[in-house]
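# Generate coordinates for the sequence data below:
(4 chains)
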There are 4 protein chains.
Amino acid sequence: MDVTEFTPTREQYAWTFGGVEPVRTVRPGSVLRLWSDDAFGGTLSSPDHVSSERVDLAHVNPQTGPFFVEGAEPGDTLALHVVDLQPARDWGASAVMPFFGGLTSTDRTAFLQDPLADTTWIYALDRAARTVTFDARFSDLQVALPLEPMLGTVGVAPPSGEVRTALVPDSFGGNMDTPEMKAGATLYLRVNVPGALFSIGDGHYRQGEGEACGTAVEGAMDSTLIVDLVKAGDAPAPAWPRLEDDEHWSVIGSSRPLEDAWRIAQRELVVWFTELYGLHRLDAYQLLSQITRAPIANVVDANFSAVVQAPKGLLPAAQAYGGLHRHLRSLAATL
Amino acid sequence: MDVTEFTPTREQYAWTFGGVEPVRTVRPGSVLRLWSDDAFGGTLSSPDHVSSERVDLAHVNPQTGPFFVEGAEPGDTLALHVVDLQPARDWGASAVMPFFGGLTSTDRTAFLQDPLADTTWIYALDRAARTVTFDARFSDLQVALPLEPMLGTVGVAPPSGEVRTALVPDSFGGNMDTPEMKAGATLYLRVNVPGALFSIGDGHYRQGEGEACGTAVEGAMDSTLIVDLVKAGDAPAPAWPRLEDDEHWSVIGSSRPLEDAWRIAQRELVVWFTELYGLHRLDAYQLLSQITRAPIANVVDANFSAVVQAPKGLLPAAQAYGGLHRHLRSLAATL
Amino acid sequence: MDVTEFTPTREQYAWTFGGVEPVRTVRPGSVLRLWSDDAFGGTLSSPDHVSSERVDLAHVNPQTGPFFVEGAEPGDTLALHVVDLQPARDWGASAVMPFFGGLTSTDRTAFLQDPLADTTWIYALDRAARTVTFDARFSDLQVALPLEPMLGTVGVAPPSGEVRTALVPDSFGGNMDTPEMKAGATLYLRVNVPGALFSIGDGHYRQGEGEACGTAVEGAMDSTLIVDLVKAGDAPAPAWPRLEDDEHWSVIGSSRPLEDAWRIAQRELVVWFTELYGLHRLDAYQLLSQITRAPIANVVDANFSAVVQAPKGLLPAAQAYGGLHRHLRSLAATL
Amino acid sequence: MDVTEFTPTREQYAWTFGGVEPVRTVRPGSVLRLWSDDAFGGTLSSPDHVSSERVDLAHVNPQTGPFFVEGAEPGDTLALHVVDLQPARDWGASAVMPFFGGLTSTDRTAFLQDPLADTTWIYALDRAARTVTFDARFSDLQVALPLEPMLGTVGVAPPSGEVRTALVPDSFGGNMDTPEMKAGATLYLRVNVPGALFSIGDGHYRQGEGEACGTAVEGAMDSTLIVDLVKAGDAPAPAWPRLEDDEHWSVIGSSRPLEDAWRIAQRELVVWFTELYGLHRLDAYQLLSQITRAPIANVVDANFSAVVQAPKGLLPAAQAYGGLHRHLRSLAATL
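Okay, here's the model as predicted:
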């Protein structure tokens, strides 16, 4: 297989989906080994660093990419299989930032109260134990937590000529911030522009569902991906990001209010089930009502994200996109 | 232990939290063996039955209760431990009802579109296999799904003299519709009136997170509970329903929009962590941001419900309410 | 005409809609002259008074009533015509209360930030000039504002056996907090229980749309009303509060999020226009899209309220409820 | 004064804010006379035309512009004074489009119901009477409505390198769809990129507040504007669009849910009042709570918009941006 390795220089960081020239062209079926910086661009490396002095909210989530996928045309489906995610630094950072996060007023939910105290936590990585350690700042507790690497941000260029900040998730993917975006998962995204122009970033060494304080254990990441393409003639492109792993069929919806994010995901999974099982949409609606998991992804970005998942283990076997996920799992096993 | 057995007559069904005379008085530490009817009062027993002809939305979720708990005073904490839940019928029912559910306009999200087709699905129970079977109505699929019994509705009389329909969840519990309300769980609720006046109902043989179509596999239920009480002097009462099982510390928030339900739950879990671990609230906020699960409960009731959970397995040991949950688990094992 | 005068003793204050015995029985077509206390029960009478010491959120908006209307049955329409509203004290009070209001986190939009400073403003009334005067607390400005008396809270007992706090607006009316509820307006409410059991309270000497800080210029009020009744056989009862004055056909929707309150009001006005003008609902939807006013009522209560209004001046003449509003206006002119 | 006249060719239509080369450079203080096409690009000119056959939602609201303002730098404030708006055609069009509008499910509030019937209404303009006439499609009513021309869409290039569709309002202005954007109003917008790059479009011959069905009486428009600039050193730029006319100080907030749009507007008006009157923010919060009007703008776009207004007539005289609005009114009077 073709292998593309890429580590951006700081000048090559991309801050948006769309509006950026591709850094490389890749072929469907090829492998990418990518380095991405953390959400803060590495600026928070000590508990003494505060975000208000070091982080510019217009420049967070630096993206590695975009990559031009040969042959990708609007209406096709891009498949990104996450083979492996490994921390690229020995520490991760998390912060409570002024007027950013889930339990504070923000520029969108705009109140008159004072901000929470601008605070940074540094998590030390233990590679052998595969843990990151929470170290309380104002009280007395240390807890080693399992490393569970994931990518906060994966997306393609948006439709309608838009260019969107890497902070906002939407139908093109982006900053969905779900722990489901981990090794073993295949993400399906509608291609909106020639070449798809996908990028990744915002690695998390671990994250709770909801990403409550607004930041995960943010860390530079070494990612191994396989990219593939399903042509429009072979399958309709999904309206919203679909995610397949060995255990679940999932959809990620992003909007506000949060119920709209959930509605998008639940409805798109109904649509997917009419495709996978030939079900009438009311039967799909009914069946999914009894089996879905619905883990919240983030309640902190400009759009909130919700995941709706159907467990494969409860269902008859089915194939999406010609069994592409299993194919990519097999390929990944050879790397 | 004292054991109270109770099966309501149809005239004894309660439709509200508050506003109903108690059916029995029970002592803290005693056992209840209760029968409850399904959400539809048993009226939908065939796929030929349609909700618009048989279900009155002002009379759904018939409650078994309320029970007056001796010694319970406002400010105390009521503990309800679910020992066992067993289907009381050989079938469950689910329905897509006009203008009710998660993927349809409703009386609250009021649009001009026509309703979805009024449709009922009957799920046959296989007690030996412990499954309920989905049988598609408009297409061709049968799927046997594991029985996972839970209670949709558990609550106490509300504060401020209110009487609230059994359809609406709020700080007093009620129709939270979360699969986490299952055998092995202990629910902690603030007592708002003398005697607490709790009731249960709306048994589900299983339910997906979100309860997308508005109804689970609704079924009459035989429930075994242990009731207990924590006096105000021993611990502050929780502002919102807290749930403890062997794996998680959880809070259930209910409001609209859905992000407010999540905010309530996430914030109350922060408060709980300041109590459990002596953490500063910003440290609790940070730690929980990296470890919480956030499964949506329902997006269909007059208030939506979201659950936020912290896995005990990631954390140092801690005790809530003097270790009451472990105590109740031990008692339950003797039954 | 029959005239009922009533000033409640403090023990007679009602705090809920539903759940309270009627204080008087009145006949349709009769006049009521009522005194109501302010939202704080008169406890904030000096800028030195702070709400956290004097106001119990479980006891605000004391209601005068409820009144049992002879012959009122569920499904009928209660008409309440506001003849006159006059301040009953020489001052009004307003407060920024901790965790209450539109630009602060609350128990529903639950954040971790500190509350705003608990602050009270007293507005002096000038009866001759018909003004109330804003007097800045932390800066230097005095502004005399026109007296525009209105009732924050008007409602009937809810359906489904519910009892609801006088803080929350819903389909039964209640704490809608709209400046449109002023002299000259006729409110139409669905009767849910025998006798309707309406009450009023929460007088405002004036209020901005949205009631941003959570409290208006709160003041005790002398209200003159005419009560009337439309039997179910003569007209279908409105699903949500309808308001008619000489200038507008209006509906008040109450829910969360705010768009749902608006949707309710806009949709119910579409329904009303199919009744008033025999319009197809899509034509009513279209016409109203071009002519409605949509002043926000409150963004601070447990449900938010939005008003949608169609200006009579743009439309052909039409009659609701047999021309009842005009009839009541004529009667009012004789008082 | 400099006068720039510009009518775009169809190839020059802009569909986004940002991402488009300027069509002209203009000097602060100069006049623009602009023609803009209607939201549908003129494709709906008969009631027999249906939007699903003729309207591409990725190409609506064609913009006239953008214009590069000499000397405009990020952090400056752009002032756009609307001198005059005149219909450029003898008819306007409005449509109920599938899955678009305020009383229907959409791609964001995603349900499973069928769409409303795709329907177009054509409004004939009577220039002498200055009316547009509603003509019912499915029932029998004709109503001549006063012409009240306004611009649905006015904005500048967004910050952070974004390019945003002309369908979505945000802090950069855009598709705010408020009737307040009419002749006599001055809009203040933060400049985000060199030259500001503002554009206008989406003329409405009239529109109700909320724009309920998703479309106003859409019409091509001849607009006369004066553009001006306030340098960053002279005044801080507004975080959100501010609007001044002879009667009101206004702010337009755009977000979801609708309460967040309102919160943004209400809060920004508090900030503006601290600037205009030297008020403490709590005093501004209090005063505005008693005097604001809060007309909803739109509940149909990807972000909803709410306007919050303070009536100048209730307040002491004050000047924003050195009295720029009055100056522009004077200039306009000389045209």
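# quick one, what contacts A:P159?
When contacts are counted by C-beta atoms under 8 Å, 6 or more residues apart in numbering or on different chains, A:P159 is found next to A:74, A:171-172, A:190, A:192-193, D:58. Every C-beta, even on glycine, is put in place using the N, C-alpha and C of the backbone.
# Quick check: the gap between it and D:T106.
16 Å (C-beta to C-beta, to the nearest Å).
# lowest confidence element among the helices and strands of chain A?
Within chain A, no helix or strand scores below helix A:51-54, which has a mean of 96 by mean pLDDT, DSSP states H and E.
# just to revisit the earlier point, out of the contacts of A:P159, which are close to chain C?
Contacts with chain C are made by none of the contacts of A:P159, judged by C-beta under 8 Å from any C-beta of the partner chain.
# Between those, identify the one with the most neighbours.
A:F172 (27 neighbours; other C-beta atoms under 10 Å in any protein chain shown).
# In space, what's closest to it - neighbours in sequence excluded?
Closest residue in space to A:F172, ignoring its immediate chain neighbours: A:P158 at 4.4 Å, by C-beta to C-beta, 6 or more residues apart in numbering or on different chains.
# again, but for A:A110
D:R267 (4.2 Å).
# quick one, the helix or strand hosting the one you found and helix C:258-277 angle?
Counting by DSSP states H and E, the element that carries D:R267 is helix D:258-277. Helix D:258-277 runs at 100 degrees relative to helix C:258-277, counting by axes from the mean of the first three to the mean of the last three C-alpha atoms, to 10 degrees.
# centre of the chain versus helix D:258-277, how much separation?
Computed by C-alpha atoms, centre = their mean, to the nearest Å, the chain-centroid distance of helix D:258-277 equals 18 Å.
# Could you tell me which residues within that helix count as buried?
Within helix D:258-277, the residues that qualify as buried are D:258-274, D:276-277, counting by 16 or more other C-beta atoms under 10 Å in any protein chain shown.
# Stretch A:244-263 now?
Within stretch A:244-263, the residues that count as buried by 16+ other C-beta under 10 Å are A:244-245, A:248-263.
# Check whether that stretch comes into contact with chain D.
Yes - interface with chain D: stretch A:244-263 contributes A:253, A:255-257, A:260, A:263 (C-beta under 8 Å from any C-beta).
# What is the burial count for A:G101?
24.
# Check A:N175 too.
Going by other C-beta under 10 Å, the residues that sit close to A:N175 add up to 31.
# Can you check the pLDDT for the residue in the stretch 101-250 of chain A that chain D sits nearest to?
The nearest approach of the stretch 101-250 of chain A to chain D comes at A:V163, 3.8 Å away (C-beta to the nearest C-beta). As predicted, A:V163 sits at a pLDDT of 98.
# Identify the residues contacting A:D84.
A:183, A:222-224, A:332, A:335.
# what does the stretch 1-150 of chain A have sitting close to chain D?
So far as C-beta under 8 Å from any C-beta goes, the stretch 1-150 of chain A lies against chain D at A:15-16, A:18-19, A:58, A:107-112.
# low pLDDT regions in the stretch 1-150 of chain A?
Applying pLDDT under 70 to the stretch 1-150 of chain A flags no residue at all.
# Contact residues of it facing chain C?
Counting by C-beta under 8 Å from any C-beta, the stretch 1-150 of chain A sits next to chain C at A:103-105, A:109-116.
# now, among those, which is nearest to C:L141?
Among the residues of the stretch 1-150 of chain A next to chain C, A:L112 lies closest to C:L141 (C-beta to C-beta), at 17.9 Å.
# Leaving out chain neighbours, which residue sits closest to the closest one?
C:L103 (4.6 Å).
# Thank you, goodbye.
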